[in-house]
Structures are given as C-alpha cells and as structure tokens.
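Peer 1: coords below, sequence missing:
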C-alpha cells in the first residue's frame with residue numbers, strides 16, 4: 001500500500017527500491033460517525049440514530065534507510081513540520097501482478113505519534129484523519145515495482161530526499177489521477 005498526501009509520498013513512491021523506503025505497514029483504519037441516542041417516552045430502550053458526519057482515521061508506519069546517522073536524526077526531528085498539513089490523500093492498493101486500485105479521501109496529517117531513528121534507519125508512524133474513503137477506477141497497469149510510475153521529482157537547492165526540508169525538496173512534477181493512471 002502506497003500513500004501520498006497533497007502530492008507528497010508518505011510511503012514508498014513506486015520508483016525507489018523497497019529496501020531503502022517501504023510501503024505502508026501496520027495499517028489500521030478506524031471509522032466512526034456521530035450517533036445520537038433518541039429517548040422515547042415509555043419505550044423499553046433508547047433508539048440509536050446515525051447522524052452521519054463520518055470520520056476515518058488511517059494509521060500506518062513506514063521504514064526508511066538513510067545515508068547517514070545524521071540524516072536519519074534530522075529526518076526524525078523535522079519530518080512532522082516538513083510534510084503537508086492537509087490535502088487529498090491517495091492510497092494505491094495492490095501487489096505485484098495484481099490490478100492496482102486507488103482509494104482517496106480529503107485528510108489532514110493529524111499526528112506523527114512515533115518517529116524514531118535507529119542508526120541510519122527511521123521508523124515513522126503517520127495518522128491521517130479525514131472524511132469518507134472512496135474507491136477510484138483500477139489502474140490500467142501494474143506499477144507496484146515502479147514500472148508504471150513516471151512521477152518525476154525535483155530537488156530544490158540544498159534539499160535531499162533523506163534530509164533537510166522534505167516537503168520543499170520533494171515535489172511531484174506531474175501526477176494525474178483523473179484517469180486512474182499516473183502520468
């Protein structure tokens with residue numbers, strides 16, 4: 001499972017070796033809605049009524065391998081302030097050989113309860129909070145190993161993918177989700 005928020009990949013981007021940057025793992029989804037207990041005179045029990053206002057909370061972890069201990073430490077310290085605070089969250093579902101499916105929802109990066117570095121490795125847990133998740137059209141080709149992902153990334157002056165200001169350094173040049181494919 002690959003996840004991006006407002007065009008910035010929080011998990012593996014589909015072009016990077018999975019040994020250095022993983023897909024989402026420890027994925028958990030908690031959906032809830034506002035429920036009101038309606039009280040009726042002389043009724044045996046109250047009647048719960050769904051009021052809508054659905055909220056989904058998606059929690060997942062990502063492991064990254066950095067070039068140095070310093071870059072891993074800097075990433076752990078600056079990651080939360082470097083990622084977008086809100087936007088369209090896109091989730092690419094599927095494994096090698098399968099037809100990929102996409103899901104999306106408007107979300108905020110509610111928290112990063114864990115971001116630890118262990119030597120040159122960092123383990124980060126993200127919590128996205130948003131509305132209803134919807135499923136888009138299947139992707140026409142299998143891009144799990146990076147073949148169908150043609151997103152070009154530009155790195156700003158002094159920015160690197162594993163250190164510095166991640167959100168400013170990494171930005172997709174083109175991404176079109178309307179047809180279900182990455183361009």
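Peer 2: Perfect, I can see it now. Since the model is a prediction, treat every value here as computed from it, not as a measurement. Numbers count the residues shown, from 1 in each chain.
Peer 1: on contacts alone, who are the packing partners of the longest helix anywhere in the chain?
Peer 2: The single longest helix within the chain, with elements called by DSSP state H, is helix 69-82. Applying 3 or more C-beta pairs under 8 Å, 6 or more residues apart in numbering; DSSP states H and E, we find helix 69-82 packed against strand 101-118, strand 121-130, helix 166-169. (Glycine included, C-beta is placed from N, CA and C.)
Peer 1: again, 6 Å this time
Peer 2: strand 101-118, strand 121-130 (3 or more C-beta pairs under 6 Å, 6 or more residues apart in numbering; DSSP states H and E).
Peer 1: what about it, average pLDDT?
Peer 2: Per-residue pLDDT over helix 69-82 has a mean of 92.
Peer 1: Equivalent analysis for stretch 6-23, please.
Peer 2: The model assigns stretch 6-23 a mean pLDDT of 88.
Peer 1: For it, measure first residue to last.
Peer 2: 17 Å (C-alpha to C-alpha, to the nearest Å).
Peer 1: just how off-centre is it within its chain?
Peer 2: 10 Å (C-alpha atoms, centre = their mean, to the nearest Å).
Peer 1: Give me the number of neighbouring residues for residue 109.
Peer 2: 20 (other C-beta atoms under 10 Å).
Peer 1: Identify each of the strands in the protein and give its residue range.
Peer 2: 2-5, 8-9, 25-32, 35-38, 47-50, 55-65, 86-93, 101-118, 121-130, 134-135, 153-154, 171-172 (DSSP state E).
Peer 1: Show me what the fifth one is packed up against.
Peer 2: Spelled out, that is strand 47-50. strand 35-38.
Peer 1: cool, the longest one as well?
Peer 2: With contacts defined as 3+ C-beta pairs under 6 Å, 6+ apart, strand 101-118 has these neighbours: helix 69-82, strand 86-93, strand 121-130.
Peer 1: Contacts made by the second one with the rest, please.
Peer 2: Okay, so that is strand 86-93. 1-6, 100-105, 107-108, 128 (C-beta atoms under 6 Å, 6 or more residues apart in numbering).
Peer 1: run the last query once more with 8 Å
Peer 2: 1-7, 14, 58, 100-109, 128, 130, 133, 139, 143, 177 (C-beta atoms under 8 Å, 6 or more residues apart in numbering).
Peer 1: By mean pLDDT, point me to the weakest helix or strand of this structure.
Peer 2: strand 153-154 (a mean of 33; mean pLDDT, DSSP states H and E).
Peer 1: can I get the strands of the chain in a markdown table with distance to residue 73?
Peer 2: What follows is those, written out as a markdown table (distance: least, C-beta to C-beta, whole Å):
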| stretch | distance to residue 73 |
| --- | --- |
| strand 2-5 | 23 |
| strand 8-9 | 21 |
| strand 25-32 | 22 |
| strand 35-38 | 44 |
| strand 47-50 | 47 |
| strand 55-65 | 12 |
| strand 86-93 | 27 |
| strand 101-118 | 5 |
| strand 121-130 | 9 |
| strand 134-135 | 38 |
| strand 153-154 | 23 |
| strand 171-172 | 24 |
